[in-house]
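>>> Next one to model:
(one chain, ligands or ions: 1)
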Amino acid sequence: MFPTVILALLTLQPFVVATCPFLGSVGTHLTRRSENWSPTYQNTMTSADWQNLKLDIQAQVMQAGHGPAAVRLAWHDAGTYTLAGSGGPHAQKRFISVVQDTGLDATMSVMEPLKSKYPQISYADLWSFAGAVVVANSGGPSVKWRPNRADAVDVFDEPFTTNDLPDFTWNAAQLKRFFYAKGFNDREIVALSGGHCLGGVPQLNAPWTSTPLEFNNAYFVLLNNPDQYTAVDGGYKNRDGLIMLASDMALVEDETFAQFVRLYAQDEEAFFNDFASAWEKLSELGITGGLGQYVDVRVGSGGSSGASGSGSSGSGSSGSGSYQPYSPPHHGRVKAVRIGRN
Ligand code: HEM
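Now for the predicted structure:
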């Protein structure tokens, strides 16, 4: 569990920054300054450990209906990275979370028994690996993955703010500004957004597709027909009750984005290949300590050094349980920054 103390509202954040003895100049993005930071972790898992961990992720995460949430956790951890050098996949969310992270406390708790069983893996590697395993074993591409993400050790390592994760109300220009600052181009932005083929949004009480536990191109097929959707509070719904966020709709409002939406709607393999590349890039942002050997993320395949490119795993949704609409819902637009220790 993650006992969390609410220390500051976002409006107080400049105070936190300005008075922290480890921090230098005050800027939009904080930089890595903890005295305890030591990004020298090298994973020591054996091939058998990886095999067993994959089976445990399948049983405890995917079959329990938490696969989409695990993908979201991996993305939110890595997605805080900026070209300015801050953020990145260091499990900083154990100490601080922002409004966009709503619901991820529960996902982190799902990961705890796995971390206890495999203490030699960092939280950051565990979360990243779980996301990759879910993608590959929900019918998606066999994304390439390798370990050595060091964990933040306290609240001052790789901190982030609400500015470092996207907002569901954003338009195309806002999405571009955000993702360009992390080194992604338009094609990669659209491919990554295809992660919304999995799961759903509690406040809209619905998934994006009728197959929320299967990684496929249904999101783009649906998005390619925006006229089928009407605005509801917080987003859009079609007549089957499937949802889109304003930030999803932005992908068909901008012609540069829209050409890739059309491509992926027609060509699932192109989506899988592009998603695999962009996901690997995302998962390795800002890793400075040197990455380890590739680990095959497919359940039932070799434990290490066996990454096989980005083709479809062909394993369908065999690892998935039934989709559980989840709670708690978003609490409006409250901007809380929660800081605590586990
Ligand atoms: C482009 C900007 C993005 C925005 C604005 C956005 C926004 C959101 C929002 C508001 C939710 C609902 C969260 C909740 O309250 O539970 C969500 C869920 C989700 N997001 Fe994103 N997202 C973005 C990009 C991505 C990317 C790049 C990925 C992965 C590659 C991703 C994967 C997911 C998944 C899998 C869920 C479902 C989680 C579940 O069902 O538990 N999102 N996203």
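>>> My guess is residue 68 contacts residue 198. True?
Yes: contact criterion CB atoms under 8 Å: residue 68 and residue 198 qualify, at 3.9 Å. Any C-beta I mention is one placed from the backbone N, CA and C, and that applies to glycine too.
>>> residues near residue 46, how many?
Close neighbours of residue 46, defined as other CB atoms under 10 Å, add up to 11.
>>> From residue 241, how far out is it?
46 Å (CB to CB, to the nearest Å).
>>> same deal with residue 267?
Residue 267 is 27 Å from residue 241, by CB to CB.
>>> again with residue 143
30 Å.
>>> How about residue 60?
29 Å.
>>> Ok, residue 156 next?
On the measure of CB to CB, residue 156 and residue 241 end up 44 Å apart.
>>> what do you get for residue 115?
From residue 115 to residue 241 the distance is 36 Å (CB to CB).
>>> Residue 81 too?
35 Å.
>>> got it, and residue 99?
25 Å.
>>> Comparing the two, which shows the higher neighbour count?
Using other CB under 10 Å, the more surrounded residue of residue 99 and residue 241 is residue 99, with 18 against 12.
>>> That one and residue 163 touch, don't they?
No: Residue 99 is beyond contact range of residue 163, at 11.5 Å (criterion: CB under 8 Å).
>>> Skipping its backbone neighbours, what lies nearest residue 208 in space?
Excluding its sequence neighbours, the residue lying closest to residue 208 (CB to CB, 6 or more residues apart in numbering) is residue 196, at 4.8 Å.
>>> Would you mind measuring from that neighbour to residue 159?
27 Å.
>>> And residue 55, by the same measure?
Taking CB to CB, one finds residue 55 at 35 Å from residue 159.
>>> Show me which of those two is the more surrounded one.
More crowded of residue 55 and residue 159, by other CB under 10 Å: residue 159, with 29 against 14.
>>> Give me the most central residue, this structure.
residue 75 (1.6 Å; CA atoms, centre = their mean).
>>> could you point out where the stretch 101-250 of the chain is predicted with low confidence?
The model of the stretch 101-250 of the chain has pLDDT under 70 over residues 158.
>>> who in it is up against the ligand?
Residues of the stretch 101-250 of the chain that fall close to the ligand, judged by CB under 6 Å from any ligand atom: 102-103, 166-168, 175, 192-193, 195-196, 198-202, 245, 247.
>>> which of these are buried?
102-103, 166-168, 175, 192-193, 195-196, 198-201, 245, 247 (16 or more other CB atoms under 10 Å).
>>> Of those residues, which is the nearest to residue 236?
Nearest to residue 236 among those: residue 245, at 7.6 Å, using CB to CB.
>>> wait, doesn't the closest one sit right on residue 231?
No: Residue 245 lies out of contact with residue 231 (CB under 8 Å); the separation is 11.2 Å.
>>> ranges for the helices of the protein?
Using DSSP state H, the helices found in the chain span residues 13-19, 47-57, 67-78, 104-117, 123-137, 172-180, 186-193, 218-223, 246-253, 255-266, 268-283.
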